[in-house]
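Colleague: show me the folded form of this:
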Amino acid sequence: MGDGRDSVDLADLFGLDGERIQVGRLLGAASQGQRYTRVGAPGMAVKLFTPAYLFRAAPDLRARLTWMIDHPPAGPATVGEHHRVAWPRELVVDRAGALAGYTMPAPPETVELRQVMSPARRAYAGRGAPGWVARFDDWRLLVATARDLAATVAALHERGYVVGDLNDTNVRVTSGGQVALVDCDTIQVVVDGKAHLSPVGRPEFTPVELLAQRGRPMTSAVDDYALAVHCFAFLLGGHRPYAGTWRGGGERPSALELARRGSYALAGDEKLAPPAGLPSPDVLPAELRVMFDHAFGPAPDGAPRRPTAARWRDALGALAEDLRSCPASPTHHFRSGLDSCPWCALDDLPGRPGTEPAAPGGPWGPRARPVTPTPPPPPPARRPPR
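Modeller: Purely as a prediction, here's the structure:
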């Protein structure tokens, strides 16, 4: 059973055609397993599931993966040699024919989405992330990456797929701002009328009205909301929509409660001041400000009007074409309707954030990281009685 994390002995893996599949370098942890390079197949990777996950999900998982292999998303999901979606290619089994994992395209050198969106990206670059992460200080590259993510999600929606768990770790980004969606085995698909659901999902990327519906078939609305959260971070300094300083009376409402009220950082709520370092809303064209209002603000009739992935793709594409360069800084780009560079003004503010990665927070604040509690010191030794 290998090291306890892999589903089978790494030297005992096969394709359904009987060809031996050799795994190479460990690429990193994946949802419910590990990813490896595939020896002898440049540009390909192997994902192996944990024994515990296979014990719970193997029959459903095999049916889901088999159908996905037979129905790959063509067209916009692949651009040239770059695979926007690391879609399953073939099943991987052990010597007895039991499911162990699958092969997929391996994205080129990438980092997690959260690393390029964070204002602390330079600190990440100094702590193991590639140096090119610092290029994402350029808003033009952030806009292009957001647009590529929206185009990828729209391409999946056009084919009836729902990602269901579109978060800032299963989306990876290249140095040129192209995205690669990994862990695609959790995508919701419908096979012979049966919905194979996305088994995972983080609350900060799920619309509040759908939180109680986990475990039921999802519509593309869940992805549209998660995409809006990512676009907000891309365009507005890495912030989440419900971040800010509470100026109302009493205890600050939870982000979940703020979401229910439609009170977010650009809503103009006098009780919720925008977080420090949030760029002025003027950096956005009017269309994008309206789209954020529809994604996070109050719904007058109780029905959310969230923009679709296709609309985000088109609006971000229009913004990318409208950007102009700052005469004072070659890495500053902003929309043509502004009189001066907003990034120069933001850089001049005292206490500009961005030198350290975000501190751990709750699930609706900065991305939560596991914190190991410090054990209390042992009690002092008691002296024996005299």
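Colleague: next, work out how far apart V46 and D60 are.
Modeller: Distance, V46 to D60, by CB to CB, to the nearest Å: 21 Å. (Glycine included, C-beta is placed from N, CA and C.)
Colleague: and those two? which has more neighbours close in?
Modeller: V46 (28 against 14; other CB atoms under 10 Å).
Colleague: quick one: contacts for L284?
Modeller: L284 is in contact with 235-236, 292, 335, counting by CB atoms under 8 Å, 6 or more residues apart in numbering.
Colleague: dump those into JSON lines; add neighbour count and secondary structure as well.
Modeller: Shown next, in JSON lines, are the contacts of L284 (neighbours: other CB atoms under 10 Å; DSSP: H, G, I helix; E, B strand; the rest coil):
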{"residue": "L235", "neighbour count": "21", "secondary structure": "helix"}
{"residue": "L236", "neighbour count": "25", "secondary structure": "coil"}
{"residue": "F292", "neighbour count": "22", "secondary structure": "helix"}
{"residue": "R335", "neighbour count": "19", "secondary structure": "strand"}
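Colleague: farthest-apart pair in those residues, please.
Modeller: Largest separation among those by CB to CB: F292 and R335, giving 15.0 Å.
Colleague: find the centremost residue of this structure, please.
Modeller: What sits nearest the mean C-alpha location of the chain, by CA atoms, centre = their mean, is D168, with 2.3 Å.
Colleague: okay, now the closest residue to that one other than its chain neighbours: neighbour count?
Modeller: Nearest non-adjacent residue to D168, counting by CB to CB, 6 or more residues apart in numbering: R114, 3.9 Å away. Residues near R114, counting by other CB under 10 Å, number 21.
Colleague: quick check: M68 touching W87?
Modeller: Yes - applying CB atoms under 8 Å, one finds M68 in contact with W87, separated by 6.7 Å.
Colleague: identify the contacts common to the two.
Modeller: Taking CB under 8 Å, 6+ apart as the criterion, M68 and W87 both touch C184.
Colleague: tell me where the stretch 251-386 of the chain has strands.
Modeller: For the stretch 251-386 of the chain, strands defined by DSSP state E, counting those that start in this stretch occupy the ranges 272-273, 323-325, 333-335.
Colleague: quick revisit: pretty sure the residue nearest to the centre of the chain sits against L113.
Modeller: Yes - between D168 and L113 there is a contact at 4.4 Å, judged by CB under 8 Å.
Colleague: shared neighbours, those two?
Modeller: The contact sets of D168 and L113 overlap at H230 (CB under 8 Å, 6+ apart).
Colleague: dump the strands of the stretch 251-386 of the chain into JSON lines; add distance to T206 and mean pLDDT as well.
Modeller: Compiled in JSON lines, those are given as follows (distance: least, CB to CB, whole Å; pLDDT from 0 to 100):
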{"stretch": "strand 272-273", "distance to T206": "21", "mean pLDDT": "90"}
{"stretch": "strand 323-325", "distance to T206": "32", "mean pLDDT": "94"}
{"stretch": "strand 333-335", "distance to T206": "31", "mean pLDDT": "94"}
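Colleague: measure the residue lying closest to L211 once chain neighbours are set aside to R95 for me?
Modeller: Nearest residue to L211 in three dimensions, chain neighbours excluded: P203, at 6.1 Å (CB to CB, 6+ apart). P203 sits 41 Å away from R95, going by CB to CB.
Colleague: between those two, who's got more neighbours?
Modeller: Using other CB under 10 Å as the criterion, P203 and R95 rank with P203 on top: 15 against 11.
Colleague: if I look at that one, how far off is R114?
Modeller: P203 is 16 Å from R114, by CB to CB.
Colleague: report pLDDT for the residue nearest to L211.
Modeller: Note on P203: pLDDT of 75.
Colleague: what does the one 4 residues further on give?
Modeller: Here, the pLDDT recorded for P207 equals 82.
Colleague: burial of the closest residue in space to it that isn't next to it in sequence, as a residue count?
Modeller: With sequence-adjacent residues excluded and distances taken as CB to CB, 6+ apart, P207 is closest to Y225, at 4.1 Å. Residues within reach of Y225, counting by other CB under 10 Å, total 23.
Colleague: Y225: what's it in contact with?
Modeller: Contacts of Y225 by CB under 8 Å, 6+ apart are 205-207, 210, 295, 306.
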